[in-house]
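Participant: got a structure for you, letters missing:
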Ligand SMILES: [Zn+2]
């Protein structure tokens, strides 16, 4: 691609904190390189509590997500679906399509197609469908922005790098985030509501530790301190060249 023509990236994930867990290091690198960064979640995190009402926790968690995004100058969007009830249906696809239409990304990061939780898999499908069609003039009532196109699409690692049957996922692209790990940790720590109850439950800072474990595991595969893994979508009509590797140099590209 002409890398100056449209440098907008959209991380479309299920819940507040998913982008910070799985792809924030890469988003930080893109922001540093002058990209316009958007983080969107399908749900506001309304089940992420043991004490608060769904309304109170949603307000808290979307504010935490906004703050995390703001650390790298990114915009935060929420489709306002519900935790555990994110589905691939016409109304949700319509919302997703309109989100893509507004952002007009040339690069999209989303969940692994197979992951531990169905919300993640549904968002992966929504991202795939919306990325394929959003640039078609009749796909939405919203105006078509300049630079709209079938974007580069990458699937983030599933939780622990394992599919739901426990099989390790092999990334096509590993990106060195050693220099971004501190900031990524800072972004994840914005989600204080989640960090606190996990810390109380585990007695350790499991929230941040689990993110660091995955980054270290991918880093070891790449021969660096910390990395993020992605599988690139290479179906018909999508760009096939590895944009992330071209931009930042592969920690390893398979
Ligand atoms: Zn999630």
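Facilitator: In hand now; what should we look at? None of these values were measured; they are calculated from a predicted model.

Participant: show me what contacts residue 31?
Facilitator: Contacts here follow Cβ atoms under 8 Å, 6 or more residues apart in numbering; on that basis residue 31 touches 37, 72-74. Every C-beta, even on glycine, is put in place using the N, C-alpha and C of the backbone.

Participant: for the record, mean pLDDT for stretch 247-254?
Facilitator: Stretch 247-254 comes out with an average pLDDT of 70.

Participant: which bits of the stretch 1-150 of the chain sit near the ion?
Facilitator: With the criterion set to Cβ under 5 Å from the ion, the stretch 1-150 of the chain comes near the ion through 14-15, 18.

Participant: I'd like to know how far the residue in the chain that the ion sits nearest to sits from residue 136.
Facilitator: Residue nearest to the ion within the chain (Cβ to the ion): residue 15, separated by 3.6 Å. Remark: distance between residue 15 and residue 136 (Cβ to Cβ, to the nearest Å) = 29 Å.

Participant: the two: which has the busier surroundings?
Facilitator: More crowded of residue 15 and residue 136, by other Cβ atoms under 10 Å: residue 15, with 28 against 12.

Participant: hmm, that one is touching residue 43, no?
Facilitator: Yes - using Cβ atoms under 8 Å, residue 15 makes contact with residue 43 at a distance of 5.6 Å.

Participant: which neighbours do the two share?
Facilitator: Residues touching both residue 15 and residue 43 (Cβ under 8 Å, 6+ apart) are 83, 119.

Participant: mind listing the strands for the chain?
Facilitator: 8-13, 36-41, 75-78, 107-110, 152-156, 173-176, 227-232, 252-253 (DSSP state E).

Participant: want to throw these into TSV with distance to residue 48 and mean neighbour count?
Facilitator: Converted to TSV, these look like this (distance: least, Cβ to Cβ, whole Å; neighbours: other Cβ atoms under 10 Å):
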stretch	distance to residue 48	mean neighbour count
strand 8-13	14	27
strand 36-41	11	24
strand 75-78	13	18
strand 107-110	20	27
strand 152-156	19	25
strand 173-176	28	24
strand 227-232	23	26
strand 252-253	34	17
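
Participant: on that earlier part again, just the ones of the residues of the stretch 1-150 of the chain next to the ion in helices?
Facilitator: residue 18 (DSSP state H).

Participant: that older thread, among the contacts of residue 31, which ones are buried?
Facilitator: In terms of neighbour count (16 or more other Cβ atoms under 10 Å), the buried residues within the contacts of residue 31 are 37, 72, 74.

Participant: what bridges to the first one?
Facilitator: In this case it means residue 37. residue 9 (DSSP bridges).

Participant: please renumber the chain so that the first residue is 48 from this point on.
Facilitator: Fine by me, first position is 48 from now on; the one you just mentioned is residue 84.

Participant: quick check: it vs residue 77, distance?
Facilitator: Residue 84 sits 6 Å away from residue 77 when distances are taken as Cβ to Cβ.

Participant: sorry, back to before: of the strands of the chain, which approaches residue 243 most closely?
Facilitator: Of all the strands of the chain, it is strand 83-88 that lies closest to residue 243, at 19.6 Å by Cβ to Cβ.

Participant: ok, and what's touching the closest one?
Facilitator: Residues outside strand 83-88 that contact it (Cβ under 8 Å, 6+ apart) are 54-63, 65-66, 74, 77-78, 112, 115-116, 119-126, 146, 150, 152.
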